[in-house]
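Novice: Can you look at this prediction? I've put the sequence above it.
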Amino acid sequence: MSGHSKWASIKHKKAATDAKRGAAFTKIIKEITTAAREGGGNPDTNPRLRTAMQRAKLNNMPSNNVDNAIKKGTGELPGVTYESGLLEGYGSGGVAVLVETLTDNKNRTVAEVRSILNKKNGSLAGAGSTAWMFTKKGFIVISADKAKEDELMDIVIEAGAEDLKVEGDNFEVTTDPSSFEAVKTALEGKNIETTTAEVTMIPNSTVKVEGNEASQILALMEALEEQEDVQAVYANFDISDEEMEKISQ
């Protein structure tokens, strides 16, 4: 299983603690504010804002928090301006890592991400070192008990998806970013529930890791995602299901 889908699966199975929920709220508010500032406060005409608002809903964020974040983005309320960034690095076993950030202090964020990488047996790399190993794609995961493969294939391909494959107990749908909303809307129209639905970075190839290296790369991913200025983390590791069971024991 690819690093992306494996990590997505791990994250969705983990229980959210109050502390992590608070951190998630902070990240979502930053994204909503930035999306509204760049594309306006109407989710019907701003896909980035619409996606961020859906993420807020999934995390049970109070509606007034969402409204205030939008108003800060549109200038109706005073707010902080956040700057997007992309940091590149390596983890254990030569695994490529991409870190998307949204921050009001770029120097602080770079220093903190570098520190996390160093502590978790990784290293920060220069611009262009690992980004070329990933491609931006729409990525949708559907539990296999929510739909039949033939029916699902017809729906997503007709809506513009590039591929559908079976991965364990899930179906994984990939799309061009420009077709993502159409495919997601088609699934919603058929009342097919999704586990994951996002525009993300998919690795072009993967690096197999096991044993201590596998444990280290998972610890690195978690530490990076807990950093408040980090919006998303991508990696190209491949860890077998058997290895995952050993790590989780």
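Specialist: Nice, I can see it.

Novice: Please make it C-alpha for all contacts and neighbour counts, starting now.
Specialist: OK.

Novice: Residue ranges in the chain under the pLDDT threshold?
Specialist: Counting by pLDDT under 70, the chain has low-confidence residues at 1-22, 249.

Novice: Quick one: the strands in the protein, in order.
Specialist: 83-90, 96-103, 123-125, 134-143, 163-167, 170-175, 196-203, 207-208, 230-235, 237-238 (DSSP state E).

Novice: Compute the number of surrounding residues for W132.
Specialist: For W132, the tally of surrounding residues (other Cα atoms under 10 Å) stands at 9.

Novice: What of the one 10 residues further on?
Specialist: The local packing count at I142 equals 21, with neighbours defined by other Cα under 10 Å.

Novice: ok, it - contacts?
Specialist: 170-172, 192-196 (Cα atoms under 8 Å, 6 or more residues apart in numbering).

Novice: Distance to N46 and neighbour count added to the residues you listed, as CSV?
Specialist: As requested, the contacts of I142 are exported to CSV (distance: Cα to Cα, whole Å; neighbours: other Cα atoms under 10 Å):
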residue, distance to N46, neighbour count
N170, 30, 18
F171, 28, 23
E172, 25, 22
I192, 24, 14
E193, 23, 15
T194, 21, 16
T195, 23, 14
T196, 20, 17
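
Novice: ok, those vs N121, which is closest?
Specialist: Of all those, N121 sits closest to T196, with 29.2 Å by Cα to Cα.

Novice: measure the most far-flung residue of the chain relative to its centre to A197 for me?
Specialist: Within the chain, the residue lying farthest from the chain centre (Cα atoms, centre = their mean) is E76, at 29.0 Å. Computed as Cα to Cα, to the nearest Å, the E76 to A197 distance reads 30 Å.
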